[in-house]
Every structure is written in C-alpha cells, then in structure tokens.
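Undergrad: Generate coordinates for the sequence data below:
(one chain, ligands or ions: 2)
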Amino acid sequence: MFDKWWERSVIYQIWPKSFCDSNGDGIGDLPGIQSKLDYLKDLGVDILWLSPIYRSPDRDNGYDISDYYSIQPNYGTMEDFDSLLQEVHRRGMKLVMDLVMNHTSDQCEWFQKGIEDPNSKYHDYYYWRKGKGPGVPPNNWNAVFKGSAWTYNEKNDEWYLGCFSPFQPDLNWSNPELRQEIYKMVRFWLDKGIDGFRLDAIGYIGKNPELPDSPDGSCLILDPCVHTYLQELNRQVLSHYDIMTVGENANLTVEDMEKFASLDGGELNMMIQFFHVEEDIDEFGKFNLNRVNLPHLKQLYRDQQEDMYGKFWTSLYWSNHDQPRQVSRLGTEDPKYRDRAAKMIAMNTHMMMGTPFVYQGEELGMTNLHWDSLDELRDLEELGAWHEFVDSGRKSPEEMMECIRQKGRDNARTPVQWSAEKNAGFTDGTPWIRVNPNYTEINAAAELEDPDSVLNFYKKLIALRHTDEIVISGQYHGIALEDPQVFAYTRGIPRETWLILCNFSGEKAPFDWRPYLYSSSEEPDVVLGNVDSSDFLETGTLEPWEGIILRCRT
Ligand code: GLC
Ligand code: CA
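TA: Numbers count the residues shown, from 1 in each chain. Ligands and ions are numbered 1, 2, ... in the order given. Model (predicted):
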C-alpha cells in the first residue's frame with residue numbers, strides 16, 4: 001500500500017484546445033503545451049493528463065475520435081507529440097493520455113465501412129439493430145446529450161447505438177475482434193513510452209448484447225461484463241507496462257469503485273469519482289441553480305474516504321473539462337474573498353486521501369464566465385439540454401441560461417489566462433471560444449509575482465504531498481458532520497494527527513478544535529492556512545472562507 005508512484009503524485013489536466021495557442025489560429029496546440037512545461041514543472045505537478053488529441057471532427061472536442069493513430073491537425077503532428085513526450089520526461093514528469101474506447105466518431109473508417117458493407121467485419125464493431133417497428137428504435141435508451149440513443153440509417157434499414165450522441169456511435173465490446181483491434185491501438189501508444197491512460201466513460205463498454213430496455217431509459221447499465229473486459233485488457237496489455245490508469249464513470253457506488261480500482265490492480269488503478277459533483281443534481285440533471293449541501297457532502301466523503309482505506313484508490317478533484325469552475329461553484333466570485341475561497345477549496349481537496357487532479361486554470365482561481373447569449377456557447381451538452389428543456393417549456397430561456405452560467409461545461413473551456421495581454425496571452429489570433437474578461441485581474445503572469453497568489457498557494461499544497469507522508473497514507477476521519485459551515489476532517493498516522501478545517505461560508509464560523517487534537521498537551525502548530533497571521537487558535541473562530549491545517553505530534 002502507498003508504494004505506487006501515482007499514489008504519491010499530483011495530476012494536472014490539460015485540455016489542449018484552450019491551453020495555449022502557438023500559431024495564432026485561435027486553437028491551443030501541442031507546441032503551445034510544450035512551451036508551458038517549465039511553468040508546470042515549477043507548479044510541482046508530477047503527471048500531465050492530456051485530453052484527447054487524436055484526429056477528430058471535433059463535435060465533442062476530441063471525445064469523438066475518427067483516427068486513433070493520428071494527431072488532430074489543429075493540434076500539430078506526430079512529431080510534435082513525440083517531442084512533447086520527450087520534453088515532459090526530460091523534466092521528470094509523466095504523461096497520461098485520454099483513451100476513448102466506448103465510442104468513436106461517426107466519421108471513423110470502421111463505422112463508415114460498416115455502413116457501406118453490412119457484411120464486412122466492421123459492421124459488427126458497432127451495435128446495429130432492427131427497430132421495434134417502423135420509426136421505433138430497438139430499445140428505450142436515451143442519449144447522455146439528449147434524445148434517443150438510437151439513430152436510424154436508411155441505407156441498411158437499421159439503427160445504431162450512440163449512448164452519448166449520434167456523432168459518437170458505441171463500439172461493440174462483445175466482439176472479440178473489436179477488442180483485439182482496440183488492444184492493438186492501446187499498445188501503439190504505450191510503446192511510444194507514455195505513462196498511462198484516463199479511460200473515458202469506461203462503464204459504458206459493458207453492455208448485455210441483448211440490449212434490453214432499462215427501467216429509467218438510461219443507457220448506463222454497468223453490466224458485469226465490463227469487469228471481464230477490463231480484466232482482459234489488463235492481462236493482455238496494461239499489466240505489461242509500468243503505467244497508471246484512471247477510469248471515468250458517473251454514478252458509481254463505493255462498492256463499484258472497489259471493483260474497478262481495487263488495490264490488487266486487476267483492472268484499473270483508480271476511478272474518477274462523481275458522488276460529490278453529482279450531489280447537487282435534480283430532475284434536470286446538472287442544469288440547476290442548486291448549491292451543494294455541505295453536511296450531505298461531508299457524509300458522502302466520509303463514507304468514501306473511510307471505506308477506501310486498504311481497499312481501493314481514488315481521484316480527488318472538483319474541476320475538469322466537464323465541470324464548472326470550482327471557485328464559482330463552491331466559493332465566491334466576490335473579489336474580496338475570491339482568492340481566499342479558491343485556496344480553501346483546494347486545501348480541502350488536496351488534504352484528502354487519493355490522487356489530486358488540478359485542471360488547467362484552477363491553480364489561478366479562474367472563474368465561470370457570465371455568458372451573454374446562446375451563440376457564444378460551444379458545448380454539445382449545453383445545446384442539447386437547451387433544446388430539451390427550453391423547447392418543451394420546462395425551463396424559460398433566462399433560467400436555462402443562468403443554469404448554463406453556473407453549471408455548463410463551457411465555463412471550464414475558456415482559454416487559460418496566462419497574462420494581462422490581449423486574449424489573456426492565450427493566442428495572437430481570434431480565440432475559438434470567448435476569453436473570460438476577468439483575465440486582466442486573474443492571470444498567471446501576475447500570480448507568479450505575488451507570493452500570496454492562488455498559484456503560489458497551490459505550489460505549497462502540492463509540495464506538502466511530496467514532503468509529508470501523512471498526506472498520502474494518513475487515515476481519514478470525517479468529523480462535525482452536521483456543522484453547516486465548516487468542512488472538517490482529520491488525517492492520522494502513528495504519533496501524528498492533522499486537523500483540516502475549511503469554512504465553506506462567507507460568515508465567520510466558530511469551531512472547537514480541542515476535542516480532535518486531544519492527544520497533545522501542547523498547542524498544535526499551523527501547517528498551512530489561507531488567512532495571513534490567522535488568530536484562529538486564540539479566538540476559535542474561522543474567518544469567512546478560511547482554511548487551516550493544524551498539526552499535533554505526540
Ligand atoms: C466523458 C468526457 C466528456 C465527453 C464524454 C463522451 O464524460 O469527459 O467530455 O463528452 O465522455 O466521450
Ligand atoms: Ca494553434
């Protein structure tokens with residue numbers, strides 16, 4: 001336990017399209033990423049995860065791959081990739097790629113060949129079925145990005161399954177030939193020397209080939225065969241390399257996580273957990289104005305963190321390309337407290353057990369964007385939901401727009417704010433998506449200079465994971481679960497306890513720390529805090545959005 005390199009690492013996610021543009025076409029690219037490697041090294045992160053850079057028609061920003069063996073021309077060439085990998089390694093960091101193998105693009109050659117010739121082997125690489133009747137799809141499944149999960153193809157009078165969208169037909173994992181085709185592709189990338197994969201929407205690959213109706217129309221059935229496939233992939237491919245794997249799948253219980261990512265390493269090394277980012281969903285899914293319920297959230301974390309010890313490993317995050325900006329969601333955009341809240345949220349995440357993921361711009365405290373109109377939006381999911389909820393009258397356009405401002409994925413996809421120069425220093429051209437106008441205040445250049453910046457606070461948090469064993473292996477105890485303001489927990493190893501206190505509110509919060517650090521006769525010391533010369537130990541009251549780590553040794 002605790003001897004794997006990824007258990008002692010911090011991962012940084014790069015979403016290439018919005019990271020850094022090197023040639024002025026308004027789209028981030030591989031040379032742009034390479035130009036920022038020193039910045040990332042200086043931040044202290046160990047592993048870079050690159051969202052998809054394969055050739056793609058870009059309906060879902062590369063999560064719709066048309067050729068697994070080539071690089072999206074907007075992003076560069078295979079030589080650019082090889083050079084990036086080499087430069088990452090030269091700096092002692094690792095590179096993990098995104099692997100989308102539940103579906104391809106509808107422009108993928110395999111899919112096209114299967115339509116052209118239904119007798120070719122490619123036809124069975126996907127799920128083609130006859131309808132239940134004229135115009136009636138084969139089952140009741142709905143796509144994640146709305147509408148039926150089935151699309152009719154006139155040529156062969158058949159329907160194909162796309163659990164996300166019609167542009168993303170699902171691959172038929174029950175076909176052993178398809179699986180070998182995928183494994184070949186996985187080996188191609190591993191043989192280049194990359195350090196692992198993030199496996200997109202991985203639970204979806206497990207489908208009962210009968211494709212029965214589901215009780216709620218969802219296509220995420222998590223058929224047990226998903227584990228058979230992952231074990232085969234592990235046995236035949238993954239286990240032959242020194243790599244890490246992180247699977248992505250919504251709606252997993254603690255028991256599911258243990259199956260996917262148990263410490264015996266038979267499937268994957270960790271899962272991207274969702275219980276926290278789904279805490280606030282309602283009948284409209286993510287598109288609502290709910291704030292997270294803190295006592296409930298603490299309970300969910302307690303269950304997972306206390307349960308995982310000795311059983312499985314997990315990821316820790318609030319931000320990625322599918323989530324709104326965490327400081328807007330959980331903290332505040334009020335300039336008076338924004339930076340403090342960003343630091344507090346980061347502290348809360350980074351002090352837990354698991355591997356923290358930092359999403360580009362998060363380390364600067366980047367915020368959501370106040371979108372003005374529909375034509376500024378780029379995301380398939382937002383537009384799909386708009387049509388579903390607004391066209392049917394279930395939400396007014398104004399309300400839906402506000403939901404998108406607070407929860408939509410485009411918030412995470414605005415360009416990284418590198419400097420106060422034009423377009424935040426992201427591009428010399430016209431950015432493919434709007435830049436957040438607050439780049440004049442929130443940007444990397446300014447934060448590098450400011451010792452109190454969010455960026456410099458992240459450096460301290462990341463460094464703690466490398467210096468203090470307790471951050472990696474300390475047992476987690478969730479405490480004060482009912483407290484409506486303070487997220488509190490302890491980590492413990494023999495002879496040492498840390499108490500992490502995070503005030504998730506804009507009001508002062510009294511908190512009695514003594515019962516939790518009782519083993520010490522002396523005052524605890526402060527490991528790190530986000531309020532300059534905090535007087536918490538004297539007053540017993542946390543300032544608005546204050547976060548503090550107290551340590552006791554016996
Ligand atoms: C995952 C990705 C998301 C993508 C979807 C379909 O959830 O993170 O961005 O849209 O899978 O591939
Ligand atoms: Ca470019």
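Undergrad: what pLDDT does the residue nearest the centre of the chain get?
TA: Ranked by distance to the mean C-alpha position of the chain (Cα atoms, centre = their mean), the top residue is Asn320 at 3.8 Å. Model confidence at Asn320, given as pLDDT, is 98.
Undergrad: Model confidence score at the closest residue to ligand 2 within the stretch 301-450 of the chain, please.
TA: Using Cβ to the ion, the closest approach of the stretch 301-450 of the chain to ligand 2 is made by Thr427 at 7.2 Å. No exception for glycine: its C-beta is placed from N, CA and C like everyone else's. At Thr427, the model reports a pLDDT of 98.
Undergrad: ok, it to Pro524 distance?
TA: Thr427 sits 48 Å away from Pro524, going by Cβ to Cβ, to the nearest Å.
Undergrad: The two - which one has more neighbours?
TA: Thr427 (25 against 20; other Cβ atoms under 10 Å).
Undergrad: Show me the contact partners of stretch 218-229.
TA: Outside stretch 218-229, the residues that touch it by Cβ atoms under 8 Å, 6 or more residues apart in numbering are 141-144, 149, 161, 163, 173-174, 179, 202-208, 214, 249-251, 256, 259-260, 267.
Undergrad: Could you give the separation of it from the chain centroid?
TA: Relative to its chain's centre, stretch 218-229 lies at 21 Å (Cα atoms, centre = their mean, to the nearest Å).
Undergrad: list the buried ones in it?
TA: Buried residues in stretch 218-229, defined by neighbour count with 16 or more other Cβ atoms under 10 Å: 219-223, 225-227, 229.
Undergrad: Which of those residues sits closest to ligand 1?
TA: For these, the residue nearest ligand 1 by Cβ to the nearest ligand atom is Leu220; the value is 11.0 Å.
Undergrad: Do you know the pLDDT at the closest one?
TA: 83.
Undergrad: Over to the one 4 residues further on?
TA: Confidence at Pro224, expressed as pLDDT, is 93.
Undergrad: hang on, Leu268 packs against Lys259?
TA: No - the criterion here is Cβ atoms under 8 Å, and Leu268 misses it with Lys259 at 9.8 Å.
Undergrad: more neighbours, the two?
TA: Under the criterion of other Cβ under 10 Å, the comparison of Leu268 against Lys259 puts Leu268 first, with 27 against 19.
Undergrad: For that one, which residues are in contact?
TA: Neighbours of Leu268 in contact, by Cβ under 8 Å, 6+ apart: 199, 202, 230, 234, 245-247, 260-261.
Undergrad: next one: Asp80
TA: Applying Cβ under 8 Å, 6+ apart, the residues near Asp80 are 29-31, 34, 71.
Undergrad: Also near ligand 1: which of these, exactly?
TA: Among these, no residue sits close to ligand 1 (Cβ under 6 Å from any ligand atom).
Undergrad: of the contacts of Leu268, buried ones?
TA: Here, 16+ other Cβ under 10 Å leaves 199, 202, 230, 234, 245-247, 260-261 buried among these.
Undergrad: Present those as a markdown table; the columns should include secondary structure, distance to ligand 2 and pLDDT.
TA: Formatted as a markdown table, the buried ones among the contacts of Leu268 follow (DSSP: H, G, I helix; E, B strand; the rest coil; distance: Cβ to the ion, whole Å; pLDDT from 0 to 100):
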| residue | secondary structure | distance to ligand 2 | pLDDT |
| --- | --- | --- | --- |
| Leu199 | strand | 27 | 98 |
| Ile202 | helix | 30 | 96 |
| Leu230 | helix | 35 | 98 |
| Asn234 | helix | 36 | 98 |
| Thr245 | strand | 29 | 98 |
| Val246 | strand | 27 | 98 |
| Gly247 | strand | 30 | 97 |
| Phe260 | helix | 36 | 96 |
| Ala261 | helix | 35 | 95 |
